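K.L.:
For reference, the sequence and a predicted model appear below.
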Amino acid sequence: MKTRTQGRTGLGGFRLGMPLVAVFVIAALVAANAAVVAVVAARSHPRATNWPGPSFTFWPERRWSEVEEAIDALAGAKRLSRSVLGTVEYRGTSYPVHLLSFAARGPDRPRVLLVGSIHGTEPAGGRALLELADGMVRDPSLLADVAVDIVPIANPWGWVHGYRYTGNGEDINRDFASARTQESVLLRGLMRERGPYDLVMDLHESKKAGYFVYEYLPPDEGLGSSFTGLVEAAGERLEDRYHEWFWRAEDGVLRVPTVALWWVALARQLSLEHYARLHGTRHAYTVETPVDDELADRVRIHRRAVAVFVRRITDEAARAGDAAR
Ligand SMILES: [Zn+2]
């Protein structure tokens, strides 16, 4: 009898406790979220304190005139309009941030934004995009089913000086929430004016051993599996060890749940990819090539990734068009 009485009391207590349990669970979730935000903010690069000491060696071989010559050589192409997003200035030198806009062959085609070298120590993306623009001028059928905006060198000061950050030591690719850097202001303005794009690709490099791509979409919706395929086909190494937070790159895809975008937003650490994803672009990716690999191989993978991802986007648009008809 005693046991049954205790059981009933326990059950009654449970019923009374339900609202309390709900409050506790919500409080725990809020606290966990706040903790993650705090840790993200704390572990991210400090602002304006990255300026190197006197022993830092810049890469003296980077000449901006090479970029200007490559862009001048594109003059007169029918699909292309060239413009300058704006000028960035540090320590008495200023550089333009170039925008190359290629029109699509027909109206209402998908629109693509390609960005390179937002980190100055990651040259392959910028090189790949300058080569791609040259290829599109020589062969107007290349990527003709999409409108393409290209910002080949998003961090010209860092590119010239072989330096990851801006001339103020700030990481542009953590600055898309705050927009304190001149570069992120220009790129956000571009995405607001001409976006949302159907595809955004931000071409980076890393010290990891293999090639990989960030994907904030479920596996069956994102284009990551195409990246795995193209790297395998090229005979290069896929990154499958790199951990970031709770997630690990697998077969060259670092897949992060979409909800994590809100943590990064709360921590004010948005990258260009994050910003695009939160502002209407479903397909936004950061592509990473291993900086210790041969430059030609890294450039080749970036170009291949752009070609394959654009094809997937145009296929998707064609299927959506068929379904609407
Ligand atoms: Zn980078």
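P.N.:
Received, thanks.
K.L.:
For the chain, which residues are neighbours of the ion?
P.N.:
H119, E122, H204 (Cβ under 5 Å from the ion). Where you see a C-beta, it was placed from the backbone N, CA and C, and this is true even at glycine.
K.L.:
chain center to the helix or strand hosting the last one, what's the gap?
P.N.:
So that's H204. Assigned by DSSP states H and E, H204 belongs to strand 199-206. How far strand 199-206 lies from its chain's middle: 5 Å, per Cα atoms, centre = their mean, to the nearest Å.
K.L.:
Now the stretch 1-150 of the chain against the ion: closest residue?
P.N.:
Nearest to the ion, among the residues of the stretch 1-150 of the chain, is H119, at 3.6 Å (Cβ to the ion).
K.L.:
Dihedrals phi and psi, the closest residue to that residue other than its chain neighbours?
P.N.:
Distances taken as Cβ to Cβ, 6 or more residues apart in numbering put R164 closest to H119, at 4.7 Å, once the chain neighbours are dropped. For R164, the backbone dihedrals (degrees, to the nearest 10) come out as phi -60, psi -40.
K.L.:
Next up, the contacts around R164.
P.N.:
N50, H119, G120, T121, E122, G158, D171 (Cβ atoms under 8 Å, 6 or more residues apart in numbering).
K.L.:
Then R241?
P.N.:
K208, A209, G210, R248, A249.
K.L.:
how would you label it: helix, strand or coil?
P.N.:
State at R241, reduced to three classes by DSSP: H, G, I helix; E, B strand; the rest coil: coil.
K.L.:
That one and the ion, how far apart?
P.N.:
In this view, R241 and the ion are 18 Å apart by Cβ to the ion, to the nearest Å.
K.L.:
Quick one: the helices in the stretch 201-325 of the chain, in order.
P.N.:
Per DSSP state H, counting those that start in this stretch, the stretch 201-325 of the chain carries helices over the ranges 224-233, 260-266, 272-278, 295-324.
K.L.:
Mind checking what secondary structure Y95 has?
P.N.:
Here Y95 is strand, with the state taken from three-state DSSP.
K.L.:
so what's it closest to, chain neighbours aside?
P.N.:
What sits nearest to Y95 in space, not counting adjacent residues and going by Cβ to Cβ, 6+ apart, is P156, at 3.6 Å.
K.L.:
and what of E244?
P.N.:
Spatially, and ignoring its direct neighbours in sequence, E244 is nearest to L254 (6.2 Å; Cβ to Cβ, 6+ apart).
K.L.:
Just give the number of residues close to that neighbour.
P.N.:
Using other Cβ atoms under 10 Å, L254 has 23 other residues around it.
K.L.:
got the domain boundaries for this protein?
P.N.:
According to automatic domain parsing, the chain comprises the domains 1-43, 60-324.
K.L.:
Check these for me and report the most buried one.
P.N.:
Ranked by mean neighbour count, the domains of the chain are led by domain 60-324 with a mean of 19 (mean count of other Cβ atoms under 10 Å).
K.L.:
Give the rounded mean pLDDT of the helix or strand encompassing P19.
P.N.:
Using DSSP H and E, P19 sits in helix 2-43. Helix 2-43 shows a mean pLDDT of 70.
K.L.:
which residues are in contact with stretch 81-100?
P.N.:
Against stretch 81-100 from outside (Cβ under 8 Å, 6+ apart): 64, 67, 71, 74-75, 80, 101, 103, 133, 149-154, 156-157, 160, 166-168, 182-183, 185-187, 189-190.
K.L.:
Give me the pLDDT value at R91.
P.N.:
So R91 comes in at 84 (pLDDT).
K.L.:
The contacts of R164 in strands, which ones?
P.N.:
Among the contacts of R164, none falls in strands (DSSP state E).
K.L.:
Lowest mean pLDDT across the helices of the stretch 201-325 of the chain, which one is that?
P.N.:
helix 260-266 (a mean of 90).
K.L.:
That one packs against which elements?
P.N.:
Secondary-structure packing of helix 260-266 (3 or more Cβ pairs under 8 Å, 6 or more residues apart in numbering; DSSP states H and E): helix 2-43, helix 272-278.
K.L.:
hang on, G210 packs against E250?
P.N.:
No. G210 is beyond contact range of E250, at 11.1 Å (criterion: Cβ atoms under 8 Å).
K.L.:
Enumerate every residue touching the residue nearest to Y95.
P.N.:
With the criterion set at Cβ under 8 Å, 6+ apart, P156 makes contact with W64, V67, V88, Y95, P96, V97.
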